[in-house]
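Asks: Quick check, what structure comes out for this input:
(chains A and B)
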Number of protein chains: 2
Amino acid sequence: MSATVHHLGGHRIGNSQPSLDPMLALVANDLNLVNAVILDRMQSNIPLIPELAGHLIAGRGKRMRPMLTLASAQLLGYSGARHHKLAACVEFIHTATLLHDDVVDSSDLRRGKRTANIIWGNPASVLVGDFLFSRSFELMVEDGSLKVLKILSNASAVIAEGEVNQLTAVRRLDISEERYLDIIGAKTAALFAAACRIAAVVAERGESDEAALDAYGRNLGIAFQLVDDAIDYVSDASTMGKDAGNDFREGKMTLPVILAYARGNEEARGFWKEAISGRRIADADFAEAVRLVQSSHAVDDTLARARHYGQRAIDALGGFACGAAKEAMVEAVEFAVARAY
Amino acid sequence: MSATVHHLGGHRIGNSQPSLDPMLALVANDLNLVNAVILDRMQSNIPLIPELAGHLIAGRGKRMRPMLTLASAQLLGYSGARHHKLAACVEFIHTATLLHDDVVDSSDLRRGKRTANIIWGNPASVLVGDFLFSRSFELMVEDGSLKVLKILSNASAVIAEGEVNQLTAVRRLDISEERYLDIIGAKTAALFAAACRIAAVVAERGESDEAALDAYGRNLGIAFQLVDDAIDYVSDASTMGKDAGNDFREGKMTLPVILAYARGNEEARGFWKEAISGRRIADADFAEAVRLVQSSHAVDDTLARARHYGQRAIDALGGFACGAAKEAMVEAVEFAVARAY
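Replies: Prediction:
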């Protein structure tokens, strides 16, 4: 019997664009139940809470992280219902970090809509984020698994550390690719990993399956963030739902900049010093930045790095039986790394 | 045998000022161990985290909430060590809310020191607050009691709701005393109550002792906040460690304002409308506000309300045996309500 080998971009018939549709179809029923939990548990006697939370939660988010919990549970043949509440926890944690991120970055647009901090102000975004975060822990406690609590409380602390790490890396051209990977591993990939791992916990599989799903989620999360960071230098608000050039204007040290700076001649490096320090961030400067990251192949190679982690995510699933769940999880990786094209 | 009756201000010999010293003496050894946990667990590979957290945590806070956990444990004769880690959890939750409060209120002074948001900026305060909050849950999970997790995750959600409730009550003269009590019951008293209740959980006492300690903490917390809110209209930075008049300038609807407005004549009401809307908040306006809350007995009666809740806190301890722990807990209440004199 020959092995089933999944290669990025290699397994589908024809050249159809990879999409999240198979995963959406796979988890549609479960996701409705998760959405019901989310809507139910974001309620409060304080009207501003569901109003503000609903703006983001009921919005156009992909529900990527809860879908990963649901798909992982299906991969393992789990037939219970605990993962619905826990997938809602994961989305609450994610939403809380988005609310706080938008305050930290002074963002005004997310998923094509005005951000909560712009509509209701920073104080409300900070406090409703705190509420969602606390509510997430209440939900976990209701589930009652100390193992799940450990995984998600640890992920939450790691996310916060990653956010602080990123904050202290802003406007600093000496940031290395290694430090960048530490940052995105913490701020993004930790929750992807936890979202997948908890499915193995509720399905009561062993440490080996937990570790495999953790690796799938972690590598997918890194790939996902790498592509996001590449898109900031190639896309615009209409395709991305957030402004292109945001990272540039905020002086964020993402991989496209790290590579373009490392590969740049003296003139290019001079430009980056001015730009990342915040002295050259006009539209014309951003156009120059795009030109430099393209000509140095920094965006192409950021996407190549994303494919590397994407392939690792796919290979982490090697031990699981083929079927609709696995196919959908593989295509989700292909979708994640193909978004920039 | 006659009953032992504790009345506020009535049980000490002579007229010595009540203080926290008996409670500090009672829990000194335990508190050293709690401080060791705090210092150990606020560490991180990201240097800004212990730096910023240490500014507030290692500062001059009274450690009121962890002391309540420790004193409650002694009241119950608990001889284990679980309460050290859990008292650190309580302090982490409190510190996280302080960091976020100072961002929400744009405060520049706390406990006589410049606030973290002034020194390191709002983004760092938001994110380090998130870290401490997550770390607190990690510590709770290490302890492993789902009952403690439920109490503290619920308290955290209630605190956040209370903060949002307070935010939406700002600059609104139609806020009632009832709504004000809801707010301070959530934002302040819920954590006092939880800090005391978890001692009964680790000591494995029944629901009746849990409820009694919850009531002690809750009423003490309400009294504590009432006095804090009164002090904002009588004190200055040198005695309080925070600027007097902060609540006034922020348009916060605290009980002194609610009472002074309800009791005011047309001229006084006109003043409050201007002031609470933010149009009259100069130093001379604050002096006028102080004159009005004093002449309407609004401060005196806020303090009388505090004594009411203080007495309820003391009476909640009625079922526990007399001894050093109970004496210290009674005097802590007397200290809390006497601070304004």
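
Asks: tally of neighbours for residue A:109?
Replies: 16 (other C-beta atoms under 10 Å in any protein chain shown). Quick note: C-beta positions are derived from backbone N, CA and C, even for glycine.

Asks: For the nearest residue to residue A:156 once chain neighbours are set aside, the count of nearby residues, please.
Replies: Excluding the flanking residues, the one nearest residue A:156 by C-beta to C-beta, 6 or more residues apart in numbering or on different chains is residue B:134, at 3.8 Å. Residue B:134: 25 surrounding residues under other C-beta under 10 Å.

Asks: Mind pulling up the pLDDT for residue B:134?
Replies: Confidence at residue B:134, expressed as pLDDT, is 98.

Asks: Enumerate the residues of the stretch 1-150 of chain A near chain B.
Replies: A:44-49, A:96-97, A:100, A:103-105, A:122-124, A:126-128, A:130-131, A:133-135, A:137-138, A:140-141, A:144, A:146, A:149-150 (C-beta under 8 Å from any C-beta of the partner chain).

Asks: Sort out which of these are buried, if you could.
Replies: Buried members of the residues of the stretch 1-150 of chain A next to chain B, scored by 16 or more other C-beta atoms under 10 Å in any protein chain shown, are A:44, A:46, A:48-49, A:96-97, A:100, A:103-105, A:122-124, A:126-128, A:130-131, A:133-135, A:137-138, A:140-141, A:146, A:149-150.

Asks: can you tell me which of the residues you listed are in helices?
Replies: Among these, the members found in helices (DSSP state H) are A:48-49, A:96-97, A:100, A:103-104, A:122-124, A:126-128, A:130-131, A:133-135, A:137-138, A:140-141, A:146, A:149-150.

Asks: List the residues that contact the spatially most central residue of chain A.
Replies: Per C-alpha atoms, centre = their mean, the C-alpha nearest to the average position across chain A is that of residue A:188, at 4.9 Å. Contacts here follow C-beta atoms under 8 Å, 6 or more residues apart in numbering or on different chains; on that basis residue A:188 touches A:162, A:221, A:222, A:224, A:225.

Asks: now those: which count as buried?
Replies: Among the contacts of residue A:188, the ones that count as buried by 16+ other C-beta under 10 Å are A:162, A:221, A:222, A:224, A:225.

Asks: The first one against residue A:181, yeah?
Replies: To tie it back to what came earlier, the one meant is residue A:162. No - with contacts counted by C-beta atoms under 8 Å, residue A:162 stays clear of residue A:181, the gap being 10.8 Å.

Asks: Spit out the contact partners of the closest residue to chain B within the stretch 201-341 of chain A.
Replies: Going by C-beta to the nearest C-beta, chain B is nearest to residue A:250 of the stretch 201-341 of chain A, at 10.7 Å. With contact taken as C-beta under 8 Å, 6+ apart, residue A:250 is in contact with A:105, A:170.

Asks: following the helix or strand of chain A with the lowest mean pLDDT, which helix or strand comes up?
Replies: Within chain A, no helix or strand scores below helix A:237-240, which has a mean of 46 by mean pLDDT, DSSP states H and E. Per DSSP states H and E, helix A:237-240 leads on to helix A:246-250 as the next helix or strand towards the C-terminus.

Asks: Now do the strands in the stretch 1-150 of chain A.
Replies: Secondary structure of the stretch 1-150 of chain A (DSSP state E, counting those that start in this stretch): strands at A:109-110, A:113-114.

Asks: which non-adjacent residue is nearest residue A:247?
Replies: Excluding its sequence neighbours, the residue lying closest to residue A:247 (C-beta to C-beta, 6+ apart) is residue A:232, at 4.4 Å.

Asks: What does the nearest residue to residue A:338 once chain neighbours are set aside show for phi and psi?
Replies: Spatially, and ignoring its direct neighbours in sequence, residue A:338 is nearest to residue A:18 (5.3 Å; C-beta to C-beta, 6+ apart). The phi/psi pair for residue A:18 (degrees, to the nearest 10) reads phi -70, psi 150.

Asks: and residue A:18, how far is that from chain B?
Replies: If you measure residue A:18 against chain B using C-beta to the nearest C-beta, to the nearest Å, the figure is 34 Å.

Asks: Over to residue A:183?
Replies: 10 Å.
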